[in-house]
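[1] Sequence and predicted model, in that order:
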Amino acid sequence: MSQKTKQLSLHEDWTVVLLGFLIIGISLFVFLPEVPVFKWSNGSDLLADVFSFGNLQILLVQFIYLIIIGTIAVFLIGKSVKNFLLGFPIVYLLTVFALIIAGNTFIKGLNLEAVIFSLAIGLAIGNFFKLPEWFRSALSTEIFVKIGLVLLGTGVIFSDILKAGSLGLIQALVVVLSVWYFAFWLCKKLKVDEELTMMISSAVSICGVSAAIATSGAIKGDSKKLSYVISMVLVTAIPMMIFMPVIAQYFNFPEEVTGAWLGGSIDTSGAVVASGSLVGETALKISTIVKFSQNVLLGLAAFAISVYWTYTHNKSAEVVASKPTLGVIWERFPKFVIGFIAASVVFSFLLTSETRDTVKDSLKNIQGIWFALAFTSIGLETNFKDLFSNNTKKPLYAFLIAQSFNVVITLIIAFLLFGE
């Protein structure tokens with residue numbers, strides 16, 4: 001039985017790599033899906049822009065595109081195609097509803113990302129209505145997340161490391177390594193379970209939501225734990241985004257230092273841009289550079305975490321008796337990480353900047369919709385009590401203490417590197 005499960009999970013990982021590159025190939029050579037409009041500020045905008053005939057056509061084409069890719073995926077991994085075809089339209093409509101809510105200008109101003117609404121809508125329905133078993137079995141959370149992660153690699157461009165400049169890269173490396181290790185050590189001290197430890201450490205130190213999702217995929221983590229970590233990331237980003245610029249202004253920090261501080265410690269890219277904008281042009285530029293330098297490290301971090309996890313968590317009899325061989329590590333290694341890195345290499349070295357600019361918005365939209373679909377699915381299959389009670393508040397305490405350490409250490413490094 002365990003051998004069969006192993007083969008299936010391997011098969012699933014190679015499937016998402018294949019489909020991720022199929023989407024990339026279609027975008028480059030066949031058909032570039034248009035990006036739907038979700039931005040609105042009042043009822044008339046909603047009707048004129050979001051619910052316009054043209055935008056509804058774009059959404060219909062996107063739905064057909066996604067359901068075809070999803071159907072191929074469930075067929076290749078041996079799940080029920082019929083159940084998927086019946087269940088996916090419901091998940092897609094709920095996800096579009098979440099994207100419309102997130103598209104409101106007031107909500108955007110609060111920097112609440114679409115995934116939090118996808119999760120909330122899924123949780124509300126999953127906890128107040130008894131969902132039929134066929135529908136639950138049709139939810140394909142892992143597929144959605146991993147296809148999104150392969151596509152995430154298309155936005156991690158190695159040349160951006162050079163653009164970031166040596167100071168931005170040095171800060172990113174020092175912050176990521178010191179904060180990750182501190183968060184890991186703290187979680188161990190507080191006896192937080194291993195999956196949450198890895199997700200919290202990556203989320204706090206690298207780039208919030210994307211890092212938590214990538215780490216969860218790398219360690220085959222529990223989706224409920226992933227939801228818990230992402231909820232903490234998104235909720236803490238809001239007060240940080242508002243109060244850190246106020247603190248910087250009160251103490252009259254130089255704008256370069258403030259930008260480096262914001263970019264290195266706030267966990268979501270949107271919140272970094274919003275807080276940098278509150279300070280000024282220079283702070284916005286430096287904060288974006290530092291944040292992007294951290295984002296670039298995501299692929300390396302996912303690879304390192306995958307190797308560590310497969311090496312230390314293989315419990316089969318022959319491995320317990322002796323250390324894992326390279327063959328065993330390769331067998332258990334999550335192959336979607338290879339897809340992520342391969343996508344990054346292709347977009348960094350094999351495509352011109354003009355080609356990248358042509359496809360980047362469309363691919364980012366497709367990547368975002370896969371993640372949003374995943375979080376709608378996670379919500380639908382998660383019990384609300386499991387998500388937030390979590391039996392212990394230790395993961396929350398670990399996250400908040402690690403985030404506080406992140407804020408302090410990043411400020412010190414920002415002064416050392418960017419202070420006059």
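    Nice, I can see it. Numbering: from 1, shown residues only.

[2] Low-confidence regions, the stretch 251-400 of the chain specifically.
    By pLDDT under 70, the low-scoring segments of the stretch 251-400 of the chain are 269-270, 313-334, 384-392.

[3] Check the stretch 1-150 of the chain too.
    1-11, 111-112.

[4] can you rerun that using 50?
    1-10 (pLDDT under 50).

[5] List the contacts of residue 401.
    With contact set as Cβ atoms under 8 Å, 6 or more residues apart in numbering, residue 401 has these partners: residue 186. In short, each C-beta sits where N, CA and C put it, glycine included.

[6] Relative to residue 394, how far out is it?
    Distance of residue 401 to residue 394, computed by Cβ to Cβ, to the nearest Å: 10 Å.

[7] Identify the residues contacting the residue nearest the centre of the chain.
    Centroid-nearest residue in the chain, with Cα atoms, centre = their mean: residue 210, separated by 2.3 Å. In this structure, residue 210 makes contact with 152, 295, 298, judged by Cβ under 8 Å, 6+ apart.

[8] Redo those as TSV? Include neighbour count, secondary structure and distance to residue 352.
    TSV is the format used below for the contacts of residue 210 (neighbours: other Cβ atoms under 10 Å; DSSP: H, G, I helix; E, B strand; the rest coil; distance: Cβ to Cβ, whole Å):
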residue	neighbour count	secondary structure	distance to residue 352
152	27	helix	21
295	21	helix	22
298	25	helix	24
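
[9] ok, of the residues you listed, which one's closest to residue 127?
    residue 152 (29.3 Å; Cβ to Cβ).

[10] which residues touch that closest one?
    By Cβ under 8 Å, 6+ apart, the neighbours of residue 152 are 210, 214, 298, 340, 343, 367.

[11] Please list the members of those residues that lie in strands.
    In strands, judged by DSSP state E, none of the contacts of residue 152 are found.

[12] Out of the residues you listed, which is nearest to residue 241?
    residue 210 (17.1 Å).

[13] Distance check, the residue nearest to the centre of the chain against residue 367.
    For residue 210, the distance to residue 367 - Cβ to Cβ - is 10 Å.

[14] Repeat that for residue 302.
    For residue 302 relative to residue 367 (Cβ to Cβ), the value is 15 Å.

[15] who has more neighbours, these two?
    Neighbour count, other Cβ atoms under 10 Å: between residue 302 and residue 367, residue 302 has more, with 28 against 22.

[16] Not counting its neighbours along the chain, what's nearest the more buried one?
    Nearest non-adjacent residue to residue 302, counting by Cβ to Cβ, 6 or more residues apart in numbering: residue 214, 4.5 Å away.

[17] Same question for the strand or helix carrying residue 410: list its buried residues.
    Using DSSP states H and E, residue 410 sits within helix 394-418. Within helix 394-418, the residues scored as buried using 16 or more other Cβ atoms under 10 Å are 394-396, 398-399, 401-403, 405-407, 409-411, 413-415, 417-418.

[18] Centre of the chain to that helix, how far?
    21 Å (Cα atoms, centre = their mean, to the nearest Å).

[19] Contacts for stretch 249-264 next, please.
    With Cβ under 8 Å, 6+ apart, stretch 249-264 has contacts from 167-168, 171-172, 175, 244-245, 248, 272, 275-276, 279-280, 282-291, 294, 406-407, 410-411, 413-415, 417-420.

[20] Pull out the buried residues from that stretch.
    Quick answer for stretch 249-264 (16+ other Cβ under 10 Å): 253-264.

[21] now do stretch 77-91
    Buried-residue list, stretch 77-91, by 16+ other Cβ under 10 Å: 77, 79, 83-84, 87-88, 91.

[22] any idea how far that stretch is from the chain center?
    The answer for stretch 77-91 is 24 Å, by Cα atoms, centre = their mean.

[23] Residue 196 is in what secondary structure piece?
    helix 194-202.

[24] do residue 354 as well
    With DSSP H and E as criterion, residue 354 is part of helix 353-380.

[25] Run the chain-centre distance for that helix.
    Taking mean C-alpha positions (Cα atoms, centre = their mean), helix 353-380 and its chain are 10 Å apart.

[26] again with stretch 239-258
    26 Å.

[27] now swap in stretch 234-246 and tell me
    19 Å.

[28] Contacts made by that stretch with the rest, please.
    By Cβ under 8 Å, 6+ apart, the list of residues contacting stretch 234-246 reads 110-113, 115-116, 208-209, 258, 261-262, 265-268, 271, 274-275, 278-279, 283, 399-400, 403, 407.

[29] And for stretch 99-119?
    Under Cβ under 8 Å, 6+ apart, the answer for stretch 99-119 is 36-41, 46, 50, 94-95, 98, 209, 227, 230-231, 234, 237-238, 241, 268, 270-271, 274, 368-369, 371-376, 378-379.

[30] Narrow these to those that are buried.
    Counted by 16+ other Cβ under 10 Å, those give 36-38, 40, 46, 50, 94-95, 98, 209, 227, 230-231, 234, 237, 241, 268, 270-271, 274, 368-369, 371-376, 378-379 as buried.

[31] Stretch 23-43 spans what distance, first to last residue?
    34 Å (Cα to Cα, to the nearest Å).

[32] How about stretch 293-302?
    15 Å.

[33] how much does the top helix by length along the chain deviate in direction from helix 394-418?
    The longest helix of the chain (DSSP state H) is helix 159-189. Interaxial angle, helix 159-189 versus helix 394-418 (axes from the mean of the first three to the mean of the last three Cα atoms, to 10 degrees): 140 degrees.
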